[in-house]
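In: Based on what follows, work out the 3D shape:
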Amino acid sequence: MHEVKLSDGIIALSPLRLDDVEAHLTGEDELLARWLNGGPGTREGVEAYFRHCQEQWETAGPLRAFGIRVGADEVLAGTVDLRFAGEGLAPGQVNVAYGLYPSWRGRGLATRAVLLASQYAANEGGEEAVIQVEPENPASAAVAQRAGFTPGKQTHSKASTQFNWYIRELHVTSSDQRQLRDSFQECPRLETSPPARHD
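Out: Model (predicted):
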């Protein structure tokens, strides 16, 4: 497995692995299924996808899928994927897709993950990061804007789904660290375990 670990001191990003399957299936909810995964996951489907992600790391393929990890135990809080090639992307553009499990939302973790992943993409030769958001998903658009992305064009997928693009130039600099610090200066201290469920 490709050894990559990125951290900003609050979260860490490292490649998805097969022992993340259970946490992913437990964490997936209707919003992730709708906006990110294209439908509810099955154990067989998630295992196959995570194996594909590992193969992409091992072969330096165009997909780099990270687990978003929190705390000393590196609890899986969600995922962020980079695609260095794909439908509608120009050379040098990198698609960024992300999702958090419900108990981890609202803490700024997705913005942190996007900034860390964007740093990685710049170091790997990416010139422009692209986040594609369906108009009915304002929470994802808000993450993009907090991470310094600006509105771009509107496109339609082959399946006729409309996407609003948010774009950000990528540079190998320390500006992402400044952006992280400035974006979260007033954030409350992060708890490293999800809140207790009251079902």
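In: Secondary structure element for Thr155, which one?
Out: Assigned by DSSP states H and E, Thr155 belongs to strand 150-156.
In: quick check: mean pLDDT across the helix or strand following that strand?
Out: Downstream of strand 150-156, the first helix or strand assigned by DSSP H and E is strand 162-169. For strand 162-169, mean pLDDT is 93.
In: who touches strand 162-169?
Out: For strand 162-169, the external contacting residues (CB atoms under 8 Å, 6 or more residues apart in numbering) are 118, 127-135, 141, 144-145, 147-157. To be clear about C-beta, it is placed using only N, CA and C from the backbone, and glycine gets the same treatment.
In: which residues in the chain form strands?
Out: 6-7, 11-15, 63-70, 75-83, 93-100, 128-133, 150-156, 162-169 (DSSP state E).
In: looking at those, which has the lowest confidence?
Out: Here those differ in mean pLDDT, and the lowest is strand 150-156 at a mean of 87.
In: got the angle between it and strand 128-133?
Out: Comparing the axes of strand 150-156 and strand 128-133 via axes from the mean of the first three to the mean of the last three CA atoms, to 10 degrees yields an angle of 60 degrees.
In: Next, the buried residues of strand 150-156.
Out: Neighbour-count burial for strand 150-156, with 16 or more other CB atoms under 10 Å as criterion, is recorded at Gly152.
In: quick one: strands adjacent to it?
Out: strand 162-169 (antiparallel) (DSSP bridges).
In: nearest spatial neighbour of Ala85, skipping sequence neighbours?
Out: In this structure, Ala85 finds its nearest non-sequential neighbour in Pro62, 4.1 Å apart by CB to CB, 6 or more residues apart in numbering.
In: Touching, the one you found and Glu55? I think so.
Out: No - assessed by CB atoms under 8 Å, Pro62 is found out of contact with Glu55, at 11.7 Å.
In: bridging residues for Trp165?
Out: In this entry, Trp165 is beta-bridged to Gln132, by DSSP bridges.
In: Count the neighbours of it for me.
Out: By other CB atoms under 10 Å, the residues close to Trp165 number 19.
In: gap between the most centrally placed residue in the chain and Gly67?
Out: Closest to where the C-alpha atoms of the chain average out (CA atoms, centre = their mean) is Val80, at 2.1 Å. According to CB to CB, to the nearest Å, Val80 stands 8 Å off from Gly67.
In: which residues are common contacts for the two?
Out: Leu13.
In: pull the helix or strand with minimum mean pLDDT from this structure.
Out: helix 175-183 (a mean of 49; mean pLDDT, DSSP states H and E).
In: Show the model's pLDDT score for the nearest residue to Val172 once chain neighbours are set aside.
Out: Nearest non-adjacent residue to Val172, counting by CB to CB, 6+ apart: Ala122, 5.0 Å away. Looking at Ala122, its pLDDT stands at 96.
In: For Ala122, which residues are in contact?
Out: Leu170, His171, Val172.
In: Out of these, which end up buried?
Out: The buried subset of the contacts of Ala122 - by 16+ other CB under 10 Å - is Leu170.
In: Output the contacts of Ala122 in JSON lines, with distance to Pro40 appended to each entry.
Out: JSON lines is the format used below for the contacts of Ala122 (distance: CB to CB, whole Å):
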{"residue": "Leu170", "distance to Pro40": "33"}
{"residue": "His171", "distance to Pro40": "38"}
{"residue": "Val172", "distance to Pro40": "39"}
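In: Thank you, goodbye.
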